[in-house]
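Engineer: Sequence plus predicted model, see below.
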Amino acid sequence: MAIAIVILLLVAGSLIFHFASPWWFTPLASNWGTIDDTIEITFWVTGIVFVAVNVFLAYAVYRYRFHKDQRADYEPENKRLEGWLVLGTTLGVAAMLAPGLFVWAKFVTVPEDARLFEAVGQQWFWSFRLPGKDGVLGQTSTELIDEKNPFGINPKDSAGMDDILISSNEMHIPAYHPVKVVLRSKDVLHDFSVPQFRVKMDLVPGIVSYLWFTPTRIGRFELMCQELCGMAHYTMRGHIVVDSQEDYQAWLAQQVTFAQSMQAPAGDLALGKQVYKVCGACHGSEGEGNDNLSAPKLAGQHAWYLKRQLGYFRNKVRGATEKDPYGQQMAAMAATLTDANIQDVSAYIASLPAPANGASPSMANDRGQQLYHNCAYCHGDQGEGKFALNAPALSGQQPAYLKRQLKHFQQQIRGAHQQDTYGNQMVLMSRLLQDEQAVEAVAAYLNSLPAP
């Protein structure tokens, strides 16, 4: 009797938890309400079966409970019962599968007037591409990917020259108009998922997949990778911003084409040297850094990273809080630079030879090396940095600077701004270092590594 009551209580508790639970679907923001309907049908079918089976189980436990004057009766077959079970199971499975087939037929049939953009996945970042006035995306190849051409667009394909490149992980689309998203991966298996749109699809290396939806609500929605794609999978996040038509056109007008990106100057070293004279007062005439002024070493760093950080300082993505006084100083200095200045000085600093590392090998403690293993996925085994993962060089950097930056990430003094794409990831990754000793160990280990 007690077991039967417990089974009935579990059934009742499950039903109450389901209908009263605060954890439910996010508000729908696209045309795919039919996907919600198919899930609801699945809940009802499986829910009815769950209740029926467990109520019958409780009844059987009570009705056929042990009694010393009764014997069990074994019945090897019951064709009538088996027939009803087969029929009921068939109807239940059909009720769950048939609606999904109709929804899938619509899901793979893209409206002819749908606008197009490409979402590109890589460890652990999203970028996007739009066709230009010709309405056609240019050919791409992973073999063509480099610092100048991160999308791997074929420069010999005229259709790709007017392609609009979005290097940020934030993509804008107009509201109330169907959108087709072409999906491409640079490296491993990823998955494009926006819960509010009820869409998700895998990005398979070597294959171009797609999905489509019509956004029905203006707002900013988080894009996630829902396929385990490596160490920092959980940091691979982006945003889809649904704009009014006017706001979308204003945003689109600010973006650059592939042709414009290829025409960007590489940077004038002579002019960069002149600009750097002011920087050298803190960072050293050869970019060697200055511990007394809390200025990090710059020599040996990549130009693409220097350019990005100077842009962040100038636009107050970094250095906008009183908790980061050195960042505030850099923000003030960067505000005096033009785009051309940043291009030139970044190229000049990148041309400086990295100074020999004077750190003692004894500082490379075993714990620091072990903890750095997770960091090495992006920053390289020797802290040399990786352009493909947008990760700067860290080897030979001053421990004090590294410790300060890691703590700033942990406390969200740095990396909290929504435009700091990689800083957002570092906020999450830095918290793997769970105490101050771990931070110090990693900083000491990195300082002991040879210059890149």
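Structural biologist: That came in fine, so what should we check first?
Engineer: Which parts of the stretch 101-250 of the chain are strands?
Structural biologist: Here the stretch 101-250 of the chain has its strands, by DSSP state E, counting those that start in this stretch, at 115-122, 125-130, 164-166, 170-174, 179-185, 190-194, 199-203, 209-213, 219-225, 237-243.
Engineer: Name the residue closest to the centre of the protein, please.
Structural biologist: Centroid-nearest residue in the chain, with Cα atoms, centre = their mean: M236, separated by 1.8 Å.
Engineer: pLDDT score for it?
Structural biologist: If you check M236, the pLDDT there is 90.
Engineer: Show the contacting residues for it.
Structural biologist: With contact set as Cβ atoms under 8 Å, 6 or more residues apart in numbering, M236 has these partners: G121, Q123, W124, F125, W126, H190, M224, C225, C229, Q425. Glycine gets a C-beta too; all of them are placed from N, C-alpha and C.
Engineer: Among the residues you listed, which one lies nearest to D37?
Structural biologist: M224 (23.1 Å; Cβ to Cβ).
Engineer: you'd agree S193 is up against E222?
Structural biologist: No. Using Cβ atoms under 8 Å, S193 makes no contact with E222, being 9.3 Å away.
Engineer: so V194 makes contact with G219?
Structural biologist: No. Using Cβ under 8 Å, V194 is not in contact with G219, being 11.1 Å away.
Engineer: Let me see the contact set for P195.
Structural biologist: Contact partners of P195, counting by Cβ under 8 Å, 6+ apart, are F25, T26, E222, M224.
Engineer: my guess is the third one meets R237, correct?
Structural biologist: The reference is to E222. Yes. Using Cβ under 8 Å as the test, E222 is close enough to R237 to be in contact (6.1 Å).
Engineer: for this structure, what helix or strand is lowest in average pLDDT?
Structural biologist: The weakest-scoring helix or strand in the chain, judged by mean pLDDT, DSSP states H and E, is helix 258-263 (a mean of 84).
Engineer: Show me what that helix packs onto, helices and strands only.
Structural biologist: Helices and strands touching helix 258-263, by 3 or more Cβ pairs under 8 Å, 6 or more residues apart in numbering; DSSP states H and E, are strand 164-166.
Engineer: Starting from the strand it packs on, tell me which strands it pairs with and how they run.
Structural biologist: Applying DSSP bridges, strand 164-166 is found paired with strand 125-130 (antiparallel), strand 256-257 (antiparallel).
Engineer: Could you tell me how many residues sit around P392?
Structural biologist: 20 (other Cβ atoms under 10 Å).
Engineer: Ignoring the adjacent residues along the chain, who's closest to it?
Structural biologist: Distances taken as Cβ to Cβ, 6 or more residues apart in numbering put Y305 closest to P392, at 4.2 Å, once the chain neighbours are dropped.
Engineer: what residues does the helix or strand encompassing the one you found touch?
Structural biologist: Taking DSSP states H and E as the definition, one finds Y305 inside helix 303-314. Under the criterion Cβ under 8 Å, 6+ apart, residues 147, 267, 298, 317-319, 327, 330-331, 333-335, 337, 342-343, 345-347, 349-350, 385, 387, 390, 392-393, 419-420 lie in contact with helix 303-314.
Engineer: just the buried members of those residues?
Structural biologist: Using 16 or more other Cβ atoms under 10 Å as the burial test, the contacts of helix 303-314 include 267, 298, 317-319, 327, 330-331, 333-334, 337, 342-343, 345-347, 349-350, 385, 390, 392-393, 420 as buried.
Engineer: In PyMOL, how would I select the buried members of the contacts of P195?
Structural biologist: Command for PyMOL that selects the buried part of the contacts of P195, burial taken from 16+ other Cβ under 10 Å:
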select buried, resi 224
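Engineer: How confident was the prediction at Q425?
Structural biologist: 88.
Engineer: which ones are touching it?
Structural biologist: Per Cβ under 8 Å, 6+ apart, neighbours of Q425: W124, A232, T235, M236, G415.
Engineer: Show me the two of those residues that sit farthest apart.
Structural biologist: For these, and using Cβ to Cβ, no pair is farther apart than M236 and G415, which are 15.2 Å apart.
Engineer: Mind listing what's buried along stretch 205-219?
Structural biologist: Neighbour-count burial for stretch 205-219 flags Y210, L211, W212, F213, T214, P215, T216 (criterion: 16+ other Cβ under 10 Å).
Engineer: Please parse the chain into its domains.
Structural biologist: 2-65+79-107, 115-263, 269-448 (automatic domain parsing).
Engineer: pLDDT wise, what is F125 at?
Structural biologist: For F125, pLDDT reads 89.
Engineer: Pull up the gap between it and R184, please.
Structural biologist: For F125, the distance to R184 (Cβ to Cβ, to the nearest Å) stands at 13 Å.
Engineer: and what of E384?
Structural biologist: From E384 to R184 the distance is 27 Å (Cβ to Cβ).
Engineer: and if you look at G327?
Structural biologist: 36 Å.
Engineer: Farthest-apart pair in the buried residues of stretch 205-219, please.
Structural biologist: So, those by Cβ to Cβ: farthest apart are Y210 and T216, at 19.9 Å.
Engineer: tell me the phi and psi of N315?
Structural biologist: In terms of degrees, to the nearest 10, the main-chain angles of N315 are phi -90, psi 10.
Engineer: and it, what does it touch?
Structural biologist: Neighbour list for N315: Q419 [criterion: Cβ under 8 Å, 6+ apart].
Engineer: With that, I have no additional questions.
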